[in-house]
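Asks: predicted coordinates and the sequence they were generated for:
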Amino acid sequence: MALALSRAATLRARLLAALALVAVVPTVGLSVALTRVIGRSYAEMTDRRLTLGASAVRARVEQMRALAEARVSAVALRDLPVTGPDGGAALVHSTTVVADLPVLEVVGEDNRVISSRHWPAGEDLPAAEGSFPPDGAIRLAKVADGYAARDGLMVTASRASRWRGTAVEVRGGFLLDEAFLASVSTPLGMLVGLRDDVRGVWWTEPRSPFASWSTPGLAPGNGEVDLGGVRYRWSAQSLRPGLRAIVAIPATEAEATGAQVARLSLTATGGALAVAVAAALWLSGWIAAPVRRLAEALGALGSVSEHSPMPETGSSELRELARSFNGMTAELRASRARLLQAERVAAWREMARRLAHELKNPLFPIQVSIETLRRVFDRERPAGGSPAFATLFQESCDTILEELRLLRGIIDEFSAFARLPRPRLEATDVNAVVERAIALHGARADRVTITTALAPSLPEVLGDRDLLVHALGNLVANALDAMPDGGTLRVLTASVVGGVSVAVADTGPGIAEEQSARLFTPYFTTKKGGTGLGLSIAQSIVSDHGGRIDVETAPGEGTTFRLFLPSRAAATTVASPSRAAGQREGDA
């Protein structure tokens, strides 16, 4: 044990050194690597965010174009043909034309504006405008600005129609103005601008830093630029040839966030390092303590005396280890107890077999000789012989023959004990066994009241019904013999973990403590004329079924024998030690 404890102490020192080493070196390396990875990951994340932002602007423009196509088609095919005789100036403002399009105009075959919602002053003027190839969906056109007009960038769709019997073209869509840019920049959290590379013009929100970017020289992709003393990360995507959508965020924002993350990482790493060293001190002792307890328990495992189980504390793994060790210890002790019991039963059976064999041989000639003497004496009794001698002779012969009969009965019980058959296991109802045992011994109850409490739906056990009735009958018989002046015998069955319990309780005088330790010893009895084999046979039968018998007694209050049998599901196919011992004895 001292060696085991010394090894446990050495284990703690090694654990402490290993945990400290494992905590310090990787933690420092992790801090450096984590800072670099976070910085690189944040830069990549910023680029991905910018790319997705530019894609979102492009997708929004395409959604507006698709919506414009649907609404312009509705005007051209549904609204315009049914308009009244209103003049051209009021055409797109008619209640019949209900399309929700801020940009809407009707152009005649001569490319003159018949009616315009976004530039009312342009009526009857040529629809002069520029568009971006290849589809012309994004255009430059005049837009009313108070009493004047300005160039406006818009995404539009066009559809041929007829009005007053003439062919016209309906054009409509949405402005890509400051309101549009604000609507996409706010949710994205970025600067958003549109760059007309052909005309060298920016379409941005007011006071946007893009306005100071005079020669962007943009190419699709990501990059950096200094605008007004501030570095920006940007991403550009082409909407049409010559027109790009650009999104940007300050590079200092990304750098500041990355630096903050790095500081937090370093702080967390330093704290983790301190905690790791402290945890190493605690964990080494926490792991070594169960190992020390396990070493002590292993040292005490071979002792005969009982020992305290290991405390089931610590983490789930350590609790499971302690629980498994305690279960293994309990099973080992139970197996050792069953083995010792089986060996004792086998030894007593062998002694009973030899004793029956040795006694049976002389009993028969003694009995024959006594019976021959009686016949000869009766046939040749001398005349005038002494009557007193004759009476004494007859009584002596009767006494000898009666004792021989009792001895033969005892020898027969010895032989039965020595030749107990191996159980023939089959599914058995324990309640049926109890009812049969009580029925066999009920006639002897006399002034004893027998009550039963049989639990319903008991699990079946694997057992030999006749042998179990024999064993339970011995317990019932002993209980009845313990109450010659009357009392109460209670038999109860219950389902317990792993099997079935049968309790046989009497209200007799109880059993003295010095006698209770010898109850299951063969040939020990407190009854006159008893052989002391009843409880031994019962215990042997129950042990052959993989069960056990416990006894609880209190002088003056009664005795309870509690029989446990494993359920059919829990029973093993391996023969119990007592059955194996009995089989070896029978084979011998």
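Replies: Here it is on my side, so go on.

Asks: secondary structure class for the closest residue to residue 116 other than its chain neighbours?
Replies: Closest residue to residue 116 apart from its sequence neighbours, by CB to CB, 6 or more residues apart in numbering: residue 105 at 4.0 Å. Every residue, glycine included, has its C-beta placed from N, CA and C. Three-state assignment for residue 105 (DSSP: H, G, I helix; E, B strand; the rest coil): strand.

Asks: now swap in the one 5 residues further on and tell me
Replies: Each residue gets one of three states, and residue 110 gets coil by three-state DSSP.

Asks: how close does the residue nearest to residue 116 sit to residue 124?
Replies: Distance, residue 105 to residue 124, by CB to CB, to the nearest Å: 12 Å.

Asks: find the residues that touch each one of the two.
Replies: Residues touching both residue 105 and residue 124 (CB atoms under 8 Å, 6 or more residues apart in numbering) are 113-114.

Asks: ok, these two, which is more surrounded?
Replies: residue 105 (26 against 12; other CB atoms under 10 Å).

Asks: the more buried one against residue 92, yeah?
Replies: Yes: counting by CB atoms under 8 Å, residue 105 touches residue 92, with 6.5 Å between them.

Asks: between those two, which contacts overlap?
Replies: Between them, residue 105 and residue 92 share the contacting residues 115-117, judged by CB under 8 Å, 6+ apart.

Asks: what about residue 547, how many neighbours?
Replies: So residue 547, with other CB under 10 Å, has 24 neighbours.

Asks: which residues sit in contact with the closest residue to it other than its chain neighbours?
Replies: Distance criterion CB to CB, 6+ apart; nearest residue to residue 547, sequence neighbours excluded, is residue 565 at 4.3 Å. Shown in contact with residue 565 (CB under 8 Å, 6+ apart): 430, 461, 463, 468, 499-500, 502, 542, 545-547.

Asks: of those, just say which sits nearest to residue 332.
Replies: residue 546 (16.2 Å; CB to CB).

Asks: what's stretch 153-166 in contact with?
Replies: With CB under 8 Å, 6+ apart as the criterion, stretch 153-166 contacts 61, 64-65, 68-69, 72-73, 75-77, 80-81, 83, 91, 103, 106, 108-109, 114, 118, 137-141, 143, 167-177, 194, 196, 203.

Asks: just the buried residues of it, please?
Replies: Neighbour counts over stretch 153-166 (16 or more other CB atoms under 10 Å) mark 153-159, 161, 163 as buried.

Asks: any idea which of these is least confident?
Replies: Minimum pLDDT across the buried residues of stretch 153-166 is recorded for residue 163, with 85.

Asks: quick check: bridge partners of that residue?
Replies: residue 166 (DSSP bridges).

Asks: and the gap between it and residue 48?
Replies: Plainly put, residue 163 is 50 Å away from residue 48 if you go by CB to CB.

Asks: so where do the helices sit in the stretch 351-500 of the chain?
Replies: Along the stretch 351-500 of the chain, the segments classed as helices by DSSP state H, counting those that start in this stretch run 387-418, 430-441, 465-481.

Asks: contacting residues for the residue nearest to residue 116?
Replies: With CB under 8 Å, 6+ apart, residue 105 has these contacts: 92, 113-119, 122, 127, 170-172.

Asks: partners of it in the sheet?
Replies: Judged by DSSP bridges, the bridge partners of residue 105 are residue 116, residue 171.

Asks: that one and residue 62: what is the separation?
Replies: For residue 105, the distance to residue 62 - CB to CB - is 22 Å.

Asks: do the same with residue 499
Replies: Residue 499 sits 75 Å away from residue 62, going by CB to CB.

Asks: over to residue 459?
Replies: According to CB to CB, residue 459 stands 72 Å off from residue 62.

Asks: looking at those two, which one has more neighbours?
Replies: For residue 459 versus residue 62, neighbours defined as other CB under 10 Å are more numerous around residue 459 (18 against 13).

Asks: quick one: that one and residue 566 touch, right?
Replies: No: assessed by CB under 8 Å, residue 459 is found out of contact with residue 566, at 9.5 Å.

Asks: what is in contact with those two at once?
Replies: residue 499.

Asks: now stretch 35-55: average pLDDT?
Replies: Stretch 35-55 comes out at a mean pLDDT of 82.

Asks: for the protein, just list every one of the helices.
Replies: Taking DSSP state H to define them, one finds helices in the chain at 2-74, 178-188, 251-301, 316-379, 387-418, 430-441, 465-481, 513-516, 534-544, 577-587.

Asks: the ones you listed: lowest mean pLDDT?
Replies: Taking the mean pLDDT of those, helix 577-587 comes last: a mean of 42.

Asks: so where's the stretch 51-200 of the chain shaky on pLDDT?
Replies: For the stretch 51-200 of the chain, residues meeting the criterion pLDDT under 70 lie at 84-89, 95-96, 98, 128.

Asks: same thing but 90
Replies: 75-100, 109-111, 113-136, 141-142, 144-151, 162-166, 185-190, 196-200 (pLDDT under 90).

Asks: now residue 204. Nearest residue, chain neighbours left out?
Replies: Setting aside the residues directly before and after it, residue 204 is nearest to residue 193 in space (CB to CB, 6+ apart), at 4.1 Å.

Asks: burial count for the one you found?
Replies: With other CB under 10 Å as criterion, residue 193 counts 25.

Asks: so who does it touch?
Replies: Residues near residue 193 by CB under 8 Å, 6+ apart: 181, 202-205, 208, 210, 245-246, 248.

Asks: the residues you listed: which two are farthest apart?
Replies: 203 and 248 (14.5 Å).

Asks: these two - which one has more neighbours?
Replies: A side-by-side neighbour count of residue 203 and residue 248, using other CB under 10 Å, places residue 248 first with 29 against 21.

Asks: next one: the more buried one from residue 183, what distance?
Replies: 17 Å.

Asks: do you know the pLDDT at residue 444?
Replies: Looking at residue 444, its pLDDT reads 79.

Asks: same check on residue 529?
Replies: 52.

Asks: neighbours of residue 53, how many?
Replies: 26.

Asks: contacting residues around it?
Replies: Contacts of residue 53 by CB under 8 Å, 6+ apart are 188, 190, 192, 235, 247.
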